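Undergrad: have a look; sequence and predicted model below, questions after that.
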Amino acid sequence: MSYISVIGAGSWGTTIACMLTEKGYDVVLWVHDSELAERINEKGENDVYLPGFKLPPSLRATNDIEQALNKSRYVINAVPSQYTRAVFKNVKDFLKKDATIVSVSKGIERGTLMTVSSILKELCNREISVLSGPSFAKEVIKKLPTAVTIASNDKTTALMLQEIFNLSYFRVYTHDDVLGVELGGALKNVIAIASGISDSLSLGYNARASLITRGIAEIKRLGVAMGANIKTFSGLSGIGDLVLTCTSNLSRNYTVGVKLGQGNKLEDVVSNTKSIAEGITTAESAYELSKKHGIEMPIVEQVYKVIYENKDPSLAARDLLERPLKKEFYE
């Protein structure tokens, strides 16, 4: 029996906790809101982030971080990227020395421009593995077929985690490019906002396909400049996750884009959304990274300007189309 802690009870953290519990692991779910933790234990339902879905009876929730970690051999971070540092400053004091940490969060920290695994490695002084790919929580919890990637710098750890996470409906591949897998998962959220804006402006399927294709080109350019493997972005955590997030109403980031394109103010969009759309803060971090590394990311730049400079979305679309003509593939 392996003891597993899932830190963060949003829709994805709760779904992963359910999957692993049903597989036979002893899982505890750490919940920031103590009242929600009580309701999960009493009613067997996360009525905030996964209303209507019954959770396994043996899944335990707690607001006590020490209690959540006192036995855990595996710790899964499902805390949104902008809160990971604050939460794990407390988590690190209760980690077992041999605990393996897996991050399933997708974002880049504001200010530091660090990926989530970099934050966790700095705080916890150990290597971090990353799980990412096209995986909407509401489909996974319904046991619909899904494929993802687990990335680790250690081959043995990757194979071990592959076995832990793999289920009949949840297929897990291994990879060794932790940075690339993380960047693909984080940056696709910014492109998804652009896709939502495009669809809200009724620009058509051609435009959406162009955004996806040119979006992965931008992600590749930045990823390679930061040291990632270019092949990673052709995989599940790259183009796979990008296509999913840019084409579905289940995507929080796509939905944010739709609402911004309809003329809603960002503060109103955020205040009416329970779950966090990571692409909002990642747009700022990605824009700053593009400047830091001297990489052209015109889609990211326009999303940044819509969100942080109140640029009219229709003008952002126009400015993308009126850029100087270039070769499709260039250094």
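TA: On my side now, so go ahead. Everything numeric here is computed off the predicted structure, so don't read it as measured data. Numbering: from 1, shown residues only.

Undergrad: give the buried residues for the helix-or-strand element of the chain with minimal mean pLDDT.
TA: None of the helices or strands of the chain scores lower by mean pLDDT, DSSP states H and E than helix 266-271, at a mean of 89. Across helix 266-271, burial judged by 16 or more other CB atoms under 10 Å covers V269. For every residue, glycine as well, the C-beta is placed using N, CA and C.

Undergrad: list the buried residues of the next helix or strand after that helix.
TA: For helix 266-271, the succeeding helix or strand toward the C-terminus, using DSSP states H and E, is helix 279-293. For helix 279-293, burial by neighbour count (16+ other CB under 10 Å) applies to G279, I280, T281, T282, A283, E284, S285, A286, Y287, L289, S290.

Undergrad: check contacts around the third one.
TA: Okay, so that is T281. S81, Q82, G107, I108, R110 (CB atoms under 8 Å, 6 or more residues apart in numbering).

Undergrad: now do the first one
TA: For G279, the residues meeting the contact criterion (CB under 8 Å, 6+ apart) are N189, V190, A192, I193, R252, N253, V256, V303.

Undergrad: how close does it get to G257?
TA: 8 Å (CB to CB, to the nearest Å).

Undergrad: is the nearest residue to Y287 once chain neighbours are set aside in a helix, a strand, or coil?
TA: Leaving aside its chain neighbours, Y287 sits nearest to Y304 (4.0 Å; criterion: CB to CB, 6 or more residues apart in numbering). With DSSP: H, G, I helix; E, B strand; the rest coil as the basis, the three-state label of Y304 is helix.

Undergrad: thought Y304 was touching T282?
TA: No - under the criterion of CB atoms under 8 Å, Y304 makes no contact with T282, lying 10.0 Å away.

Undergrad: and the closest residue to I219 other than its chain neighbours, how many neighbours?
TA: Residue nearest to I219 in three dimensions, not counting chain neighbours: L187, with 4.6 Å by CB to CB, 6+ apart. Look at L187: counted by other CB atoms under 10 Å, it has 32 neighbours.

Undergrad: likewise the one 10 residues further on?
TA: Neighbouring residues of I197 were enumerated by other CB under 10 Å; the total is 26.

Undergrad: what's it in contact with, if anything?
TA: Counting by CB under 8 Å, 6+ apart, I197 has contacts G257, V258, L260, G261, V303, V306, P313, A316, A317.

Undergrad: quick check: the most centrally placed residue in the chain vs Y304, distance?
TA: For the chain, K106 is the residue whose C-alpha lies nearest the centre (CA atoms, centre = their mean; 2.5 Å). From K106 over to Y304 the distance is 18 Å, taken as CB to CB.

Undergrad: which residue ranges make up the domains of this protein?
TA: 3-176, 186-321 (automatic domain parsing).

Undergrad: for K327, find the nearest of those domains.
TA: Among the domains of the chain, domain 186-321 comes nearest to K327, with 11.5 Å by CB to CB.

Undergrad: so where's the stretch 1-150 of the chain shaky on pLDDT?
TA: 1 (pLDDT under 70).

Undergrad: figure out the helix or strand that the residue nearest to I219 lives in.
TA: Per DSSP H and E: helix 178-200 holds L187.

Undergrad: all helices for the stretch 1-150 of the chain, in order.
TA: In the stretch 1-150 of the chain, the segments counted as helices under DSSP state H, counting those that start in this stretch are 11-22, 34-43, 65-69, 81-91, 116-124, 137-140.

Undergrad: so which of those helices gets nearest G180?
TA: helix 116-124 (11.4 Å).

Undergrad: give me the pLDDT value at G257.
TA: We have a pLDDT of 96 for G257.

Undergrad: which secondary structure state does it sit in?
TA: Going by three-state DSSP: G257 is helix.

Undergrad: how many other residues sit next to the residue nearest to it when sequence neighbours are not counted?
TA: Nearest residue to G257 in three dimensions, chain neighbours excluded: G196, at 2.3 Å (CB to CB, 6+ apart). Counted with other CB under 10 Å, the neighbours of G196 add up to 32.
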